[in-house]
Structure formats: C-alpha cells, structure tokens
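Asks: Sequence unavailable; structure follows:
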C-alpha cells in the first residue's frame, strides 16, 4: 500500500503523505518521496509543488521511533542517514517552487521536511518543533543546518536545546513560516498561492530559486556574479520573448516554460 500520493492539476502537483495516525517518516515514506520528487522535477506539466500530510492531526510527527532500537550501538550508520539526506536534499534542490502545508504537528523529521520547502503555510492549530534532545538525540535530518540559516543561530539553538514546540503564530513571528491560516484552510491557501506562481515562467522561477539558494552560500561578490550568469541565461529563453512582447502589446503572457 502506498503511503505517499500525488495529484496534478493546472500546473500544480499536490503531494500527500498518508501514513496514519501521524504520518511518521518511515523508510517507505522516504523512498516514495524520492520517487515522486524525481518524477515531478522532470515533469514539464508541473510548475509548483505542494507538500502536505493527510488528516488534521499531523503534517508529519517525525521519524518512526520504532526503528531507533535497531540503530543503538550500531556502527557505520552514516551512510544510512545520508540516504535520508539524499531525499531531503532532492526536495530542497528541486528547481520548482515548493510549498509545505503544515496542517498539524510537525515535529523532528516533520519540521525538517517542512524546512526543505521554499514556503510554509501553517494552519493555526499546528505546532512545530525539534524535540530530539528529549530522547538524548539531536536533529539529524538537516535541522541543525537549515533552521539556523532560516531563523538565525540563537533562535534555532533555543528550539533545539529545549526541544519545546512553538505555535503557528510564534513560528510566523520568527520567520519560520510564511503565513498562518485558519484550521482546514491550508490547502486552499496554498493552492491560491501556487496558482499565482504557476502563471509565471518556470524558466524565470527556477533561476530565482537557484540564484537565492546558491547565493546564500557564496560571498556577496561571487553571488552577484552568479546572479548575472543566470540573468544572461534567462535572456536566451523563449519565455522572455513572450513576456516582453505581451507587455508591449498590453496582454497577458502565455508562458511555455522554454
């Protein structure tokens, strides 16, 4: 039985994790996410991707702790963990805009999964946190790296040192999420945002993402040079011809993603 499904409509793909009761990140979920995102990354019919969890309780409650006893005292686990990182990096590096809809708790691996997306829309009843320290662990799905890059070192350390969850509105206040919406309205809000984004050219959108993501890890002067390279690239596309022509003709552009 599949635990992750995908629906495609109007240039938008909605990926749903359905592993009741709390959508934990077991090995099968990781493998199915990998297959789906590999497919979506090359699907020319899809511009924007929404990622969410089924039900109202959890986006994803975290890793499957039932798998942990097999790891205790075992050596040479790094590659196993890197296999999970490969999937999380695949989502993070996807050249299409991604939106996480956090429609319930997002703890541990669930919070880390949400961090791989470009944007996060959170329903007001949701809680987000990295509680690994309470088990004698620490975040091992990129949380120690992605969270401080997003919200700053001090706040990220506070969340990880205490392991305490934060509310949707507190997450919004520190820049962890983009928008808080009423419970049950996350997918609708994400669909409206995705529809707006998907009306634009993927040739431009993908270069915005690449310029930001690569530039964040470069000295400013090198980042500006990388931006200029990508700006040159976009001027070689068919979509810029259409966009400029449509502007001059005072009509709505029809981008083809080329």
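Replies: Ah, there it is. Keep in mind it's a predicted model, so treat the numbers as computed, not measured.

Asks: For residue 240, which non-adjacent residue is closest in space?
Replies: residue 234 (5.9 Å; C-beta to C-beta, 6 or more residues apart in numbering). Where C-beta positions appear, they are placed from N, C-alpha and C, glycine not excepted.

Asks: how about the spatially most central residue of the chain, secondary structure?
Replies: Residue closest to the average C-alpha location in the chain (C-alpha atoms, centre = their mean): residue 117, at 1.3 Å. Three-state call for residue 117 (DSSP: H, G, I helix; E, B strand; the rest coil): coil.

Asks: Compute the first-to-last residue distance for stretch 182-191.
Replies: 15 Å (C-alpha to C-alpha, to the nearest Å).

Asks: same deal with stretch 10-28?
Replies: With C-alpha to C-alpha, one end of stretch 10-28 sits 28 Å from the other.

Asks: Show me what counts as buried in it.
Replies: For stretch 10-28, the buried set under the neighbour-count rule, 16 or more other C-beta atoms under 10 Å, comprises 11-17, 19, 22-26.

Asks: Okay, domains of the protein per the record?
Replies: The chain breaks down into these domains under automatic domain parsing: 4-198, 202-248.

Asks: Buried deepest among the ones you listed, which one?
Replies: domain 4-198 (a mean of 18; mean count of other C-beta atoms under 10 Å).

Asks: Helices along the stretch 151-258 of the chain, start to end?
Replies: Here the stretch 151-258 of the chain has its helices, by DSSP state H, counting those that start in this stretch, at 153-162, 168-173, 186-198, 202-215, 220-234, 238-248.

Asks: Name the surrounding residues that touch the longest one.
Replies: Helix 220-234 is contacted by residues 203, 204, 207, 210, 211, 214, 215, 216, 218, 240 when judged by C-beta atoms under 8 Å, 6 or more residues apart in numbering.

Asks: So which of the residues you listed is the closest to residue 67?
Replies: residue 216 (32.5 Å; C-beta to C-beta).

Asks: Excluding chain neighbours, what is closest to residue 108?
Replies: residue 62 (3.0 Å).

Asks: Which pLDDT does the model give residue 245?
Replies: Per-residue confidence (pLDDT) for residue 245: 89.

Asks: could you dump the domains of the chain to TSV with distance to residue 254?
Replies: Shown next, in TSV, are the domains of the chain (distance: least, C-beta to C-beta, whole Å):
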stretch	distance to residue 254
domain 4-198	12
domain 202-248	6
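
Asks: mind listing what residue 239 touches?
Replies: 201, 203, 204, 253, 255, 256, 257, 258.

Asks: cool, and residue 19?
Replies: Per C-beta under 8 Å, 6+ apart, neighbours of residue 19: 3, 26, 28, 29.

Asks: Can you give me the separation between the residue lying closest to the first one once chain neighbours are set aside and residue 182?
Replies: Ranked by C-beta to C-beta, 6+ apart and with sequence neighbours excluded, the top spatial neighbour of residue 3 is residue 19, at 4.5 Å. Relative to residue 182, residue 19 is positioned 25 Å away (C-beta to C-beta, to the nearest Å).

Asks: Thanks a lot, see you next time.
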